[in-house]
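> Give the three-dimensional model of this entry:
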Amino acid sequence: MSNISVNVQVESTTLTASSDIPQEKEKEKEKEKILRVDEYYSRYSCRHRITRKTRQKHYAKTKKRDLKTRAQFEKYTLVLRRVINAKGLPEKIEIDIKSVKLAGVIRDIFDNVETLMLGRSDESPAISPDALFLAWDELEECEAKEKLKTSPDHQLLDDLSITLAYLEKDYGTRRKQLQGLMSDGLITFELLCGLFKPHSELYTNKNTLREHQVLRFVSGNEYEDRFDQRFYKVYACLITHDGENLGWARAEFELPFFEGNLPITDLNLFPLDMHPDKESIRQELADRGRFFNALVKGPTCKWYGTTALYSRERGRGWGYKEEDWEEIKFLASKRVMIDPLAWAIHNHSYDILCRPEVLYNSRLQWVKDHDLIFCNHRVLGFSFEEKRWGAFAVSKIKEPRWNEAAFDKVIVPKGQPELIKDLMCDHRMRSETGDSENPEDDDDDDDIIKGKGKGLLGLLSGNPGVGKTLTAEAVAEVLHRPLYTVSAGDLGTCVGDVDEKLNQALDIIRRWDCVLLIDEADVFLHRRDNNVSLERNAIVSIFLRRLELVMSLYQLKAKGSTSLLIREQRLTYSCEIMNRYFQGVAILTTNRMEDIDDAFMSRLHFKFEYKDLDSPTMVGIWKNFLAKEISRPGGHINEADLEQLAKEYMLSGREIKNAASCAKAISRARGQKLSLELVKDTIEKLGYAPEARCIEY
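Okay, here's the model as predicted:
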């Protein structure tokens, strides 16, 4: 004998009539319009067969489906089927809606709610009794509106009256209990099915980021897990971007079993109307949804300074299920790039951060105003400071802040910062305005920048700690672009890894219009010769090819699809070029200028060599980090003290920054003002000897 899979568990209150007895007239009317039957399982035909309800199991040989038996039920408004499984046990109760007009009303009430079971075209719509109970208020409203019409539909009124009489008989007591508890803000586990109405707005903040989230109710049922523990599962939908599409997605929530009465607001999920601050939350989420809708339209650089999420596999399973992943908090600071599409390209398609997935038939081009409150509380992107993909709270995302005076912090020989700043300002101006209005400017041959106003490739060389990285950061600030940093460790040391990871990095900066910094690029710039291994020569060749490709793309302007032929590598690249110049800046840093391959030197648009720090330069760096302490009235440290520090301690920029930061922290902890003696004591205890080597800052 085959078994029937059980998906719905019916509460015992639906199996027996309540003590609420309707009037005699209504009782007779119900007998004529409501039929209660059993649907049992036939072991011979492997089908269900319907008989008059006797509260007993039946087995009978059925050769074919008896349409006449089905047809005899059409005269009823409702047919209540108690489904009995193959073991002869009651499994659930379903209601067949035989009235066409009543079915239309219920369809309107449960529009887009997974409660109606349409079945085959020759069958009536079916609904669970608990779901019909949720529509009680709407059915009463429909009856009242129909009665007010000048020409009411008497057949519909009759069907509505029959349905409401059934609900009063089987659910009257439950409704009174539910109304009494809800008036006090309480609920029991057994009455959870009556808490969530069709299309109701549900509220929760039980997410990892503890953000407000409103969802639209879809359906709910009670279940038991494998340990026989009861729980109530709610399906609700929200608007999200899963990395590929924008649209409605379905989420699941489990409400564990609880004894007695519980405040409704203590549930993990509850109706928004029960929240004491519902109006302010609606307004806040509408504004947030409008911002979310703007964020997911394309890559956009923003500012972030709080907790974000990244994901990792638990190390079990295949990574295809949600339980195979876990969300981890991390502190994301400074600039982030919000780009769900790029996130999907560079991450696992089963990653938990892209859940729930947008339903195929629920994709959207934009979010309507009345649906803004349902937008997801988080969005996918990338943190530049932590170099990590993650999910960011929409409410914590701010507009980026750019430091126009960043080059004032770059302490290098006089004239160099001004020259670099002028190059970047000219570059930004041409990026924003496009081609020069004067055709003669396009023919200028500038010795400093070839292809003026287009891609820039620069090299900064010098010992560690002289300001190379800080210069790249200042360049990004002046250009109003994020800085994407790649180190030799990120790219690897074998040919395959370098080619793949460098290609990924270049794809990212093309898409995001970043300033690319390849830090400590000595291994990729080293001169090729016969005394070096073939693999190292291959790495240099790959590095050169990729950089040449991306700089060529920077300098192309075309409409539609352009085929770029690079003859040196005998490769044809077909690339989609935007209808504007892509203004790119790539900066490489090295400590060994004398070992750079000649092929790189000929392709550089600019190169600068930084000398070791001298005393005046170190004094300037000390001023940068102790400016507030020096200018504070009654302070215990002055510029003369900084000159003394520069003479006594030959520190690098990083060491000066660390010493200043630690000294300020110690002074705050001790509740005393910063002094020269405290700074000296900090330097000594940190182990910074006068002859210490410089460290990059």
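
> Could you verify that P152 is part of a strand?
No. Counting by DSSP: H, G, I helix; E, B strand; the rest coil, one finds P152 to be coil, located in no strand.

> Touching, F258 and F189? I think so.
Yes. Using C-beta atoms under 8 Å, F258 is in contact with F189, at 5.4 Å. Just so you know, the C-beta spots here come from the backbone N, C-alpha and C atoms, and that holds for glycine as well.

> need the contact list for the closest residue to N293 other than its chain neighbours.
With C-beta to C-beta, 6 or more residues apart in numbering as the criterion, N293 has its nearest non-adjacent residue at 4.6 Å, and that residue is V367. Contacts were defined as C-beta atoms under 8 Å, 6 or more residues apart in numbering; by that measure V367 touches 239, 246, 289, 292-293, 375.

> Quick check: the two most widely separated of those residues?
Greatest spatial distance in the contacts of V367: L246 and G289, 11.9 Å, computed using C-beta to C-beta.

> got any residues that touch both of the two?
239, 367.

> thinking again about what came up before, where does the residue nearest to N293 fall, phi/psi-wise?
Backbone torsions of V367, given as degrees, to the nearest 10, read phi -100, psi 130.

> likewise E143?
Note on E143: backbone dihedrals following degrees, to the nearest 10 are phi -60, psi -40.

> The residue nearest to it when sequence neighbours are not counted - how many residues pack around it?
Residue nearest to E143 in three dimensions, not counting chain neighbours: L160, with 4.5 Å by C-beta to C-beta, 6+ apart. The local packing of L160 (other C-beta atoms under 10 Å) involves 23 other residues.

> Just the element for L160, please.
Assessed by DSSP states H and E, L160 sits inside helix 154-183.

> lowest average confidence, helix or strand, in the protein?
strand 571-576 (a mean of 30; mean pLDDT, DSSP states H and E).

> could you say what helices and strands the following helix or strand past that strand packs with?
Sequence order places strand 585-590 as the next helix or strand after strand 571-576, per DSSP H and E. Contacts defined by 3 or more C-beta pairs under 8 Å, 6 or more residues apart in numbering; DSSP states H and E place strand 585-590 against strand 456-461, helix 468-479, strand 515-519, helix 522-525, helix 534-554.

> Could I get the buried residue list for the helix or strand hosting E279?
Assigned by DSSP H and E, E279 falls within helix 278-295. For helix 278-295, burial by neighbour count (16 or more other C-beta atoms under 10 Å) applies to 281-282, 285-286, 288-289, 292-293, 295.

> Going C-terminal from the helix holding L160, what's the next secondary structure element?
Downstream of helix 154-183, the next assigned helix or strand under DSSP H and E is strand 186-187.

> so what strands line up beside that next one?
Strand 186-187 has its sheet partners listed here by DSSP bridges as strand 262-263 (antiparallel).

> so how far is the partner strand off the chain centroid?
Relative to the centre of its chain, strand 262-263 is centred 32 Å away, using C-alpha atoms, centre = their mean, to the nearest Å.

> tell me the domain ranges of this structure?
Following automatic domain parsing, one gets these domains for the chain: 12-181, 191-278, 285-396, 406-609, 615-686.

> how far does the longest one stretch from start to finish?
The reference is to domain 406-609. This stretch, domain 406-609, spans 19 Å end to end (C-alpha to C-alpha, to the nearest Å).

> what do you get for the last one?
Domain 615-686 has an end-to-end distance of 21 Å (C-alpha to C-alpha).

> Likewise for stretch 647-654?
Terminal residues of stretch 647-654 are spaced 17 Å apart (C-alpha to C-alpha).

> how about that stretch: buried residues?
Those would be 649-654, for stretch 647-654 by 16+ other C-beta under 10 Å.

> same question, stretch 261-273
So, applying 16+ other C-beta under 10 Å, buried residues of stretch 261-273: 262, 264, 267, 269-272.

> before we move on, the earlier item: what's the distance between the residue nearest to N293 and R282?
According to C-beta to C-beta, to the nearest Å, V367 and R282 sit 15 Å apart.

> returning to that earlier point: quick one: pLDDT of the residue nearest to E143?
We note a pLDDT of 93 for L160 in this prediction.

> what are the ranges of the helices in the stretch 251-400 of the chain?
Using DSSP state H, counting those that start in this stretch, the helices of the stretch 251-400 of the chain run over residues 278-295, 340-346.

> any idea how far the longest one is from the chain center?
I take that to be helix 278-295. Counting by C-alpha atoms, centre = their mean, helix 278-295 is centred 16 Å from the centre of its parent chain.
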